[in-house]
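Asks: got a sequence here, can you build the structure:
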Amino acid sequence: MTVLTTGLVSASRRIAAMLGIAAGAAVVIRRRLVTLANAGPVELHTVYAPAEVAAGTGLGAREPLPDGVLTHLRRRSGIDLDHASERVSARPASATEARVMKVAARECVLTVLLILRTRAGRPLAAVEVLLPASRRSLEQVLPLR
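Replies: Numbers count the residues shown, from 1 in each chain. Sure thing, here's the model as predicted:
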C-alpha cells in the first residue's frame, strides 16, 4: 500500500455533505493506493475527516498507519465509532484516477462510500474506495435465517 496524498484541504460541497459540515471547512485527507504484484493497482482509498476529528490522530501524516484507519481513529481520538453506512455505485474514472490506477481513460470504476458514524448517527469520517471494474468485483454474503 502506498500513501499518495495527505494533508489539510477545504471541504468541497460533496465532501461537506458526506460529513455534515459546511463547505470550505477544514478536512484532513488521506489517499492511498493498493497494488497487487499480479494485477497492478486494484484500489484507491481516500479518507476524509473533519480537522477537529482528526486532530492529534496522525491521520494526515504520510507514514503508513500500523492498524488501519478505523482502529487508528478509535485508538487515537477516543471517538466512539458505532456504525457505517455504505453506498455502492459505478461511474467512469476521472483522468487523474485513470492515470493513478493505470486503466483506460473513462474506464468504469466501482465506488464504495463508507460514512463512519457515532451511535447518534453523526458522521465522523468518510472512506471512499475506487475499484477498477476490470480488476475487481464485489461479493456479499447475506444471512437468510
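
Asks: so what strands line up beside the strand or helix carrying Val88?
Replies: Secondary structure from DSSP states H and E places Val88 in strand 83-92. Its sheet considered, strand 83-92 pairs with strand 108-117 (antiparallel) by DSSP bridges.

Asks: now the element after the partner strand, going C-ward?
Replies: Under the assignment DSSP H and E, the closest C-terminal helix or strand after strand 108-117 is strand 123-132.

Asks: what's in contact with that following strand?
Replies: Here strand 123-132 makes contact (CB atoms under 8 Å, 6 or more residues apart in numbering) with 15, 18-20, 41-50, 53-54, 69, 73, 79, 81, 93, 97, 101, 103, 107, 109-118, 138. Quick note: C-beta positions are derived from backbone N, CA and C, even for glycine.

Asks: from Ile115, how far off is the spatially most central residue of the chain?
Replies: Central residue of the chain (CA atoms, centre = their mean): Val127, 2.5 Å from the mean position. Here Val127 is placed at a distance of 8 Å from Ile115 (CB to CB, to the nearest Å).

Asks: do Arg62 as well
Replies: According to CB to CB, Arg62 stands 25 Å off from Ile115.

Asks: again with Ser89
Replies: Using CB to CB, we find Ser89 at a distance of 14 Å from Ile115.

Asks: could you do Val3 as well?
Replies: Distance from Val3 to Ile115, by CB to CB: 22 Å.

Asks: quick one: buried residues of the helix ranked longest in the chain?
Replies: Scanning the chain for the longest helix, with DSSP state H as the assignment, gives helix 69-77. Applying a neighbour-count criterion of 16 or more other CB atoms under 10 Å, one finds 69-70, 72-74, 76-77 buried in helix 69-77.

Asks: returning to what we had before: so Val3 and Ile115 - more neighbours on which side?
Replies: Counted by other CB atoms under 10 Å, Val3 and Ile115 do not tie: Ile115 has more neighbours, with 20 against 15.
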